[in-house]
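Asker: 3D model of this:
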Amino acid sequence: NCPTGKTVAAGSGTSQSDCYWTPCPAAHYLDQVEGCRQCSEGTYSSGGTASSCSNCPTGKTVAAGSGTSQSDCYWTPCPAAHYLDQVEGCRQCSEGTYSSGGITSSCYNCSAGSYRDSTVTICTKCAENSITEKSGAASCTSCPAETVSNEERTQCGAFLDSVSQSVDGQVTQNTVATVTCLKPKHYVMFGNKEVTCQSDGWNDKPECRKCGKSKFYFLYKKSMCKDAVL
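Answerer: Sure, this is the predicted structure:
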């Protein structure tokens, strides 16, 4: 008999040297010493008497022993902050957008209050007293003087601090808004909406509380008087 893995045509074998390797199956190559060998990861072969396996195109791979042609090669998963383009492979997300990588085909905007620049792979919450009002920001904007950011880092304004103090038994609530103290009436701005207290210092929605000459008020369901900043 010919050695394992070799054969010879009927009526043609006069000695062992007439035996030759049988053609290899797809995803294998022919080693003249050891016979058919499986293609390694990232390579492919149609089999037969091919002496080596071909490499998948750059950025693509295939499991060991599975690549029978170039069409079996697939894109390798992308790293974070990249998306997969089926023509060009992994592409970097633009600043202000993010992706968890893998085989996702697009990037997504960072939410308002966060940002992403080219130095990081994930969206990062803005630092205290800086904000992004819209999604998709590459950097945060510092709050103007005498204002601070809200917890969500989406708005700057006057800040009522101290949840430990109370007025008339009501615990104060941290709130951001543009606050102004004027006479004879006090008012507060909610964005573009002006809410004015009644002459007795109260208004139903939102409630307002009248403060002394050197105080301003602000109340969004709960109230507190603080030194006026004019």
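Asker: start to end distance for stretch 110-121?
Answerer: One end of stretch 110-121 sits 11 Å from the other (C-alpha to C-alpha, to the nearest Å).
Asker: hmm, who's touching that stretch?
Answerer: 79-81, 93, 95-98, 122-126, 131-140, 152-154 (C-beta atoms under 8 Å, 6 or more residues apart in numbering). No exception for glycine: its C-beta is placed from N, CA and C like everyone else's.
Asker: at 7 Å what do you get?
Answerer: Here stretch 110-121 makes contact (C-beta atoms under 7 Å, 6 or more residues apart in numbering) with 80-81, 95-98, 122-126, 131-140, 152-154.
Asker: out of these, which are buried?
Answerer: 81, 95-98, 123, 125-126, 131-132, 135-137, 140, 153-154 (16 or more other C-beta atoms under 10 Å).
Asker: Let me know the average pLDDT across stretch 40-59.
Answerer: The average pLDDT within stretch 40-59 is 96.
Asker: can you list contacts of it?
Answerer: 23-30, 39, 61-64, 67-70, 72-73, 75-76, 89-90.
Asker: buried set for stretch 34-45?
Answerer: Cys36, Arg37, Gln38, Cys39, Gly42, Thr43, Tyr44, Ser45.
Asker: and the fifth one, what are its phi and psi?
Answerer: Backbone geometry at Gly42, expressed as degrees, to the nearest 10, gives phi 80, psi 10.
Asker: and if you look at the one 10 residues further on?
Answerer: Phi and psi for Ser52, reported as degrees, to the nearest 10, are phi -160, psi 170.
Asker: cool, and Tyr29?
Answerer: Dihedral angles (degrees, to the nearest 10) for Tyr29: phi -130, psi 160.
Asker: again with Lys6
Answerer: phi -120, psi 160.
Asker: Is it in contact with Gln16, as I believe?
Answerer: No. Counting by C-beta atoms under 7 Å, Lys6 stays clear of Gln16, with 8.5 Å between them.
Asker: what about these two, which has more around it?
Answerer: The neighbour comparison of Lys6 against Gln16 (other C-beta atoms under 10 Å) goes to Lys6, with 14 against 11.
Asker: where in this structure is pLDDT low?
Answerer: The chain contains residues with pLDDT under 70 at 146, 158-230.
Asker: which residue ranges form the helices in it?
Answerer: With helices called from DSSP state H, the chain shows none.
Asker: Rebuild the buried residues of stretch 34-45 as a markdown table, extending it with distance to Ala145.
Answerer: Shown next, in a markdown table, are the buried residues of stretch 34-45 (distance: C-beta to C-beta, whole Å):
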| residue | distance to Ala145 |
| --- | --- |
| Cys36 | 77 |
| Arg37 | 73 |
| Gln38 | 69 |
| Cys39 | 67 |
| Gly42 | 58 |
| Thr43 | 63 |
| Tyr44 | 64 |
| Ser45 | 70 |
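Asker: which of the residues you listed sit farthest apart?
Answerer: Greatest spacing in the buried residues of stretch 34-45, by C-beta to C-beta: Cys36 and Gly42 (18.9 Å).
Asker: where's Ser17 relative to Asn1, distance?
Answerer: Per C-beta to C-beta, to the nearest Å, Ser17 is found 14 Å from Asn1.
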